[in-house]
Every structure is written in structure tokens, then in C-alpha cells.
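J.: Here's a sequence, model it:
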Amino acid sequence: MSHHFDSPTAIEDGRINLCDVYAFDDGTDRSSLVLTVNPDAGRSSPTTLRPDALYEFVVASDAGTVEDRAWRLTVSEPRADGRQRMTIRYADGPASRTGVDGTLVGEGDTGELIALAGGGSAWFGVVADPFWADGAALGGFLQALAAGAYRPDLLAAAPSNLFDGRNVTAVALQIPNTAFGTAQVTLWARISLHGHAPQRRVSRMGNPMLRPLFFPVPGPDTDALNAAEPDTDVASHTERLRQSATQLANLRQLPEPARHAARVAEAFLPDVLHFRPGQPARFHPGAGNGRALDDDAFGTALSLFNGAPLGVSPSPHPVVAAFPHLAPAGHRDLTALADLFGLREHAPEKGRR
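T.: You can find the predicted model right below:
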């Protein structure tokens, strides 16, 4: 669900599994950017970040698919108490597209508010997973579609939340709106590995429901998608999305299946978030404005794919007014998701990096 366990690489190491990315107005002259990793942190994944990983928020100020600014986050090895030291750098222009360098804008430890040069703040630590979805119902719905059956009844009027009581590791930045460069941008998050070999991209994300709807089985295709750039998405994946949406439209007997399929592909590709800094957030694939923590990404995206409302539900999480706006981690005794769904069999063989 969302990007949780979306690829073999992600299943092997949750620290480099981008789960979700959010961008929303902070109620001042700043915006908040949040990324989460470590699905089901503490059970199926670690709770720390990976020291040889580069975590980034990247922006295309022309609202395109080639970035021209990046906020780069790296961490130290965990100390005995599990805490880490984070370093935040900023790069712009061509330097934002690859590499690990940039101007130092802040440093600080797990769980503390970190002041950033030029204004703003940063924070990282374990929190309650802000994403919610009826993952089991979606799995059944997609399996039925693949078998030639349309089963909207599988998604109840009051969907359950597979992620209730589960945690993730979050990284949050609070950025002055002027730092985005223009009034309309696109943004995404990405993770790469560096230090022991040439820098290698292992995860990226803009649209939270692209993979669960159209790449539901972790495999080489999802690893390849994560390693690519957004400017290749339309050419590489439009036909796949159109086929899925056409099949659904035919089963639903929609009047113009080809037109529905084209709308779906255009909404979900390329894999970026459209964002207008300073304006109220409202998630909608291909349009809308960023993504707030209380936006129903699951129901919104599924409804677009379906061509009518399906799986919609309100946020189960409390509003947290203060930055980083994330609810504290829970401590419920639950079965690990990786074991519950037999996900570990999709991880790469040991030593295959």
C-alpha cells in the first residue's frame, strides 16, 4: 500500500523503502515536506535511517520532470541509544540532479527540532504511520479485476485501516515558500545509496498510489521504476496504465473506455506531486495541490481509477498543529506486516546488491 514494500529492494531493507511523501502549506509563509520510510517500523523494518543512504526532497521549479533544487539528508551510524545525527544540505541547478554535496543548512539529532539556515526547521524520528488504507480489500479488488470480475463490494462503506497502530520513520522539513523558486512546482522524494560504490538510486516517489494500483506485485519492474527518472515515466508506463484502466472500464461498461484509460494514465504519470506553495493542500493525481497529512490518498486515487467514488474514508489521525505535524508512535502488539502477507519471499537473495 502506497509505497510500503513496493519492491524487492524495499522488502530487503525498509530503511530505503519510501512509503509516502507529503507537501502542504504550514499556515505561515512556509511549507512542510514529509517523507516516511521503514514500513511497520519496529516489526517489519528497522526504526533508524541507513547511514550510507542519501534521502532527498527534489523540486522542478518549472513544474516539469527535471529537478533544479534538492534538500539532501544524511545520517550517522546509530549510537547505543538508537539516536542518529542528521546533516541537511541544499543543492541547486545541475548539481541537484546527482551527487551528495551541497551547502550545509542544518544538523541535529533524532527527535529534536533542527533550525535551518535561511529559515525553517527539520525533524526526524519514529511516528504513527499517517497513511491509511484498506489494503486487504484493494488486493482482493485487483485480483478480481485480473480474473475478469468487477467487485466494488469488496471495499466496504467504512473501509478498515491496515496500518492502524503501525509506525514509520519520518523526515520532515519546514521550508520558506520563497525557496521553491516559483508559484507552481513539481516535487518528489528519492533515496540513493553511496559511499561504497557509484551512487545508485533505489527508491523514488511522488504519487502515493501509482505502484499499488498498477504495479501491485514487488518485482524487477518496480525496482526499475524506482531507479528511473520521472521524465521517462510517460514513455515507459503509459501503456501499462491504459491496459489496466481499459479493463476496468470495460467490466464497468463505462461509455468511453479508451477516454477513461487516457485520463487515468495522464493523471498518474509522471510520478510527481504538483504543488503551489502557500495554497491549501488537496491531493489529486495529476492535479490538486501537494498532499496534506489528512488527505485520503487511497480513496482519491482509487476513485479516479474506478471512475466513481470507491474506498473513500476520513483520516483516522488527530490533527497535530505544531511542526512536524505527525502523531507520536504507538506501541500495540500486532503481527508484522511482512510476515502477515508473506512479503519476505520477494526480497532479493542475500548478497545480491
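
J.: and the helix ranked longest in the chain, average pLDDT?
T.: Ranked by residue count, the top helix of the chain under DSSP state H comes out as helix 233-252. Looking at helix 233-252 alone, the average pLDDT works out to 97.

J.: Can you give the distance of it from its chain's centre?
T.: A distance of 21 Å separates the centroid of the chain from that of helix 233-252, by CA atoms, centre = their mean, to the nearest Å.

J.: cool, stretch 325-345 as well?
T.: A distance of 17 Å separates the centroid of the chain from that of stretch 325-345, by CA atoms, centre = their mean.

J.: same question, stretch 240-260
T.: The answer for stretch 240-260 is 26 Å, by CA atoms, centre = their mean.

J.: Where does the most far-flung residue of the chain relative to its centre fall, secondary structure wise?
T.: The centre of the chain is farthest from one residue, residue 255, which by CA atoms, centre = their mean lies 33.0 Å away. When elements are defined using DSSP states H and E, residue 255 is found to belong to no helix and no strand.

J.: Now do the very next helix or strand once past the longest helix of the chain against helix 233-252, angle only.
T.: Of the helices and strands lying after helix 233-252 in sequence (DSSP H and E), the nearest is helix 257-268. Orientation of helix 257-268 against helix 233-252 (axes from the mean of the first three to the mean of the last three CA atoms, to 10 degrees) gives an angle of 140 degrees.

J.: Which strands and helices lie in contact with helix 257-268?
T.: Contacts defined by 3 or more CB pairs under 8 Å, 6 or more residues apart in numbering; DSSP states H and E place helix 257-268 against helix 210-214, helix 233-252, helix 297-306. (C-beta placed from N, C-alpha, C; glycine too.)

J.: Now do the residue farthest from the centre of the chain against residue 112, distance only.
T.: Applying CB to CB, to the nearest Å, the value for residue 255 to residue 112 is 56 Å.

J.: What count of nearby residues applies to residue 223?
T.: Other residues within reach of residue 223 by the criterion other CB atoms under 10 Å amount to 18.

J.: From residue 116, how far off is it?
T.: Computed as CB to CB, the residue 223 to residue 116 distance reads 33 Å.

J.: Without its sequence neighbours, what residue ends up closest to residue 110?
T.: In space, and not counting its chain neighbours, residue 110 is closest to residue 83: 4.2 Å by CB to CB, 6 or more residues apart in numbering.

J.: does the one you found sit in a helix, a strand or a coil?
T.: Each residue gets one of three states, and residue 83 gets coil by DSSP: H, G, I helix; E, B strand; the rest coil.

J.: give the contact list for it.
T.: By CB atoms under 8 Å, 6 or more residues apart in numbering, the contact list for residue 83 reads 109, 110, 111.

J.: Show me where this structure has its strands.
T.: 20-25, 30-37, 53-60, 69-75, 85-92, 103-109, 114-115, 121-128, 167-176, 185-193, 200-205, 273-275, 282-284, 287-289 (DSSP state E).

J.: will you turn these into JSON lines that also has distance to residue 219, mean pLDDT and mean neighbour count?
T.: Rendered in JSON lines, the data for these read as follows (distance: least, CB to CB, whole Å; pLDDT from 0 to 100; neighbours: other CB atoms under 10 Å):
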{"stretch": "strand 20-25", "distance to residue 219": "21", "mean pLDDT": "97", "mean neighbour count": "25"}
{"stretch": "strand 30-37", "distance to residue 219": "20", "mean pLDDT": "98", "mean neighbour count": "26"}
{"stretch": "strand 53-60", "distance to residue 219": "22", "mean pLDDT": "98", "mean neighbour count": "24"}
{"stretch": "strand 69-75", "distance to residue 219": "28", "mean pLDDT": "98", "mean neighbour count": "23"}
{"stretch": "strand 85-92", "distance to residue 219": "32", "mean pLDDT": "98", "mean neighbour count": "19"}
{"stretch": "strand 103-109", "distance to residue 219": "37", "mean pLDDT": "98", "mean neighbour count": "16"}
{"stretch": "strand 114-115", "distance to residue 219": "37", "mean pLDDT": "98", "mean neighbour count": "16"}
{"stretch": "strand 121-128", "distance to residue 219": "29", "mean pLDDT": "98", "mean neighbour count": "22"}
{"stretch": "strand 167-176", "distance to residue 219": "23", "mean pLDDT": "98", "mean neighbour count": "24"}
{"stretch": "strand 185-193", "distance to residue 219": "19", "mean pLDDT": "98", "mean neighbour count": "24"}
{"stretch": "strand 200-205", "distance to residue 219": "15", "mean pLDDT": "95", "mean neighbour count": "21"}
{"stretch": "strand 273-275", "distance to residue 219": "25", "mean pLDDT": "97", "mean neighbour count": "24"}
{"stretch": "strand 282-284", "distance to residue 219": "27", "mean pLDDT": "96", "mean neighbour count": "18"}
{"stretch": "strand 287-289", "distance to residue 219": "29", "mean pLDDT": "94", "mean neighbour count": "17"}
